[in-house]
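J.: Prediction below, plus the sequence it came from.
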Amino acid sequence: MNKKAIVMFKIGLIVLVVLVIHSLFISAEQQQIFNTKENDIKEIQAKIQEEKDTKEKLMELEKILDTDEYVEEVAREKLGMVKPGEKVFVDVD
């Protein structure tokens, strides 16, 4: 091999090494971005599940609040209402 071929080989080798190192840095950066996004997705999924649980509890509460028994209980306890013909006794002590 002549000197020109050796120099070209060395330059090609240096370029190849630089490209490999550059690719490794890019891959590491992309992996970090991927991990961050994956964690964001997990947090959002957890929030979605939490909101679904809250919705389910509220729907159950709505069923309870919509019953005649609950309306009557609130009317008696909070509003002091009575049915026609009922007598109310008040403890004055």
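T.: Arrived safely.

J.: all helices for the chain, in order.
T.: For the chain, the helices defined by DSSP state H cover 3-65, 68-77.

J.: between these, which one is nearest to residue 86?
T.: Among those, the nearest to residue 86 by C-beta to C-beta is helix 68-77 (9.6 Å). Where you see a C-beta, it was placed from the backbone N, CA and C, and this is true even at glycine.

J.: Quick check: buried residues in that closest one?
T.: Residues of helix 68-77 classed as buried: none (neighbour count, 16 or more other C-beta atoms under 10 Å).

J.: Now for residue 23, how many residues are close by?
T.: By other C-beta atoms under 10 Å, the residues close to residue 23 number 10.

J.: Listing request: residues of the protein with sub-threshold pLDDT.
T.: Along the chain, the parts satisfying pLDDT under 70 run over 1.

J.: Please repeat the previous calculation with a cut-off of 90.
T.: For the chain, the stretches with pLDDT under 90 are 1-3, 65-66, 68-93.
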